[in-house]
Every structure is written in C-alpha cells, then in structure tokens.
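Asks: After the sequence you'll find the predicted model.
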Amino acid sequence: MARSSAFTGFMHNVLMLRLEGGRASFSFHSARSGMVMTLVLAVSACTSISQGLAVLTHNPHQDARSAPAGLYKSDPDHVSVVFSVMHLGYSAFTGRFNEVDASLVFDPDDPSQSQLSVTIKAASIDSGVPAVDKAISDELLKAKHHPDINFTSQNITLTGETTGEIAGALEMAGNTHAAVLQTRFNGGAKNPLTGLYTLGFSAETVIDRSDWGLGTWIPAVAKDVTIRIEAEFVRSDELSPTLSENNSPH
C-alpha cells in the first residue's frame, strides 16, 4: 500500500523542463496524471534535451498549403483501419486490419486534386477473437480468393478548411462499389522524432456490407459497418530503403 501511495503521489506531479542560463533544470508542479503520462511518453522517446523540447512544443500546421507536394506513403506503425458492427442489437463488435498500405499524391495548391490509394490485406483482420476472425476472413471476405481490399479515390471535395469528402471505389470480395470517406486533415510538419515531413488524417465512413455481397449473418450481425481510419503519411523521397520496406519510423 505504501508503495502504491507513493507511486500515485508521483503520478500527480508533472516534470516541467525549463532552461536557465543555458542549463537544463527540473521542477515539479501538481497536475493531472494524464499530463504526466503524456510527458513521460514524449521524453522517453527523445535522445536529447533539444529533441525533448521539440516534442513538447510540436504543433503541426493545419494549413494544407504549407505542406510539400509529392508522393507520401503511410507509416505502417501509425495507420489503423478499425471497423464496428452491431451484434444482436447488444453492442458494437469491433476489430481492425493489421496490414494496411496507403499512398497519397498530395497537391497543396489544390488538395482536391490529390489522389489516394489504399490496400488492406483481408486476412489481417484482428478482432481479438481468432475463431471470429477466421469466419470473417474465410466465409465473408473470402480472403483466399480475394486477398486485397482496395480503395481508390476518384473525387475529393473540400468541405472546410481542414475537412473534405474523398469519394472513391471500394473493392471487397470481388465486388466494387462507391464509398465516401468523411476526412479531416489533422496537420503537417516535420516529425520531431524522425525529422521526416509527416501529414496526419482521420476519416470515417459507413457502408452497407450487403452492397458488396457480404450479407452473411444478417440480421444477427447488422448490415451497416462503421469504418474509422487514422493515418500518418511520410514523404516517400525522405524514406530510407529500410523504412520503405514496411519498417516504420516512430
């Protein structure tokens, strides 16, 4: 109990870094434990005080016009495609795909002219329940015959300063239909940990899986599937050969 109380007390202090006369010193101030965790995670990834300061002051630009043009590739360690679907009306069954590869040709002068392509390995589905994953992969997605789920953008419409709709063709299980991603641009800047220019996006869509011939288990499992995407993209010309082979920067 004493050790637990000491740890709890420590978690209510934030380690504040300041520079005095060119030297680094530290002081403690009371704050929420969540701030402590954020700081600890940030500093633990840093190799120098200057890098730590860069992390703490990092603020990506939300003006897309400030980002360099070119081809960007998804960072495999910082991309996720998560789905949820109602099960028997009780709760939303949730899973993700572990193998996602996306490419973005970004045009900062006219973001609506950018192009996005995504490939997901159908067999990489991961709900945490192996038996369910196998059933979805084999019976629903038919991953052995259709190993890839593909999305290719066809039209991008800006709906706000940082929002837009990406309309495109979504191919699953041998069927292709339209899908629209409601997308938010979270910002772009050089990653303070890697020095690589990075763009961040969030997106969401809801599809009727029966449109793709994936009507198995309806109505026990709902036909509407919510898909949420989080992705960081790195300029491909800045990637080393090692990193470009699905080994991510952090």
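Replies: Thanks, I have the structure now.

Asks: What are the boundaries of the strands in the chain?
Replies: 13-20, 23-30, 70-87, 91-97, 100-106, 115-121, 125-126, 148-158, 163-172, 175-190, 197-208, 224-235 (DSSP state E).

Asks: Same list (these) but as CSV, adding mean neighbour count, distance to Lys134 and mean pLDDT.
Replies: Bear in mind the C-beta positions are built from the backbone N, C-alpha and C, glycine included. As requested, the strands of the chain are arranged in CSV below (neighbours: other Cβ atoms under 10 Å; distance: least, Cβ to Cβ, whole Å; pLDDT from 0 to 100):
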stretch, mean neighbour count, distance to Lys134, mean pLDDT
strand 13-20, 13, 46, 40
strand 23-30, 10, 50, 42
strand 70-87, 18, 16, 97
strand 91-97, 15, 12, 98
strand 100-106, 18, 20, 98
strand 115-121, 19, 15, 98
strand 125-126, 18, 9, 98
strand 148-158, 16, 17, 97
strand 163-172, 18, 17, 98
strand 175-190, 17, 21, 97
strand 197-208, 18, 22, 97
strand 224-235, 19, 18, 97
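
Asks: can I get these in TSV with distance to Ile218?
Replies: Conversion of the strands of the chain to TSV gives the following (distance: least, Cβ to Cβ, whole Å):
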stretch	distance to Ile218
strand 13-20	50
strand 23-30	53
strand 70-87	10
strand 91-97	14
strand 100-106	26
strand 115-121	22
strand 125-126	18
strand 148-158	20
strand 163-172	16
strand 175-190	16
strand 197-208	10
strand 224-235	10
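
Asks: Among those strands, single out whichever gets nearest to Gln62.
Replies: strand 175-190 (4.8 Å; Cβ to Cβ).

Asks: Please could you give me each C-alpha atom of the closest one, formatted as PDB?
Replies: Included here for strand 175-190 are C-alpha records, laid out as PDB according to Å, rounded to 0.1, in the frame of the first residue of the first chain:
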ATOM      1  CA  ASN A 175     -17.200  -6.500 -55.800                       C
ATOM      2  CA  THR A 176     -16.600  -2.800 -56.300                       C
ATOM      3  CA  HIS A 177     -18.900   0.000 -55.200                       C
ATOM      4  CA  ALA A 178     -18.700   3.600 -54.300                       C
ATOM      5  CA  ALA A 179     -17.700   4.800 -50.800                       C
ATOM      6  CA  VAL A 180     -17.200   8.200 -49.400                       C
ATOM      7  CA  LEU A 181     -14.700   9.000 -46.600                       C
ATOM      8  CA  GLN A 182     -15.500  11.900 -44.400                       C
ATOM      9  CA  THR A 183     -12.000  13.200 -43.800                       C
ATOM     10  CA  ARG A 184     -10.200  15.600 -41.500                       C
ATOM     11  CA  PHE A 185      -6.700  17.000 -42.100                       C
ATOM     12  CA  ASN A 186      -5.000  17.000 -38.700                       C
ATOM     13  CA  GLY A 187      -1.900  18.800 -39.800                       C
ATOM     14  CA  GLY A 188       1.500  18.500 -41.300                       C
ATOM     15  CA  ALA A 189       5.100  19.200 -40.100                       C
ATOM     16  CA  LYS A 190       8.400  17.600 -39.600                       C
END
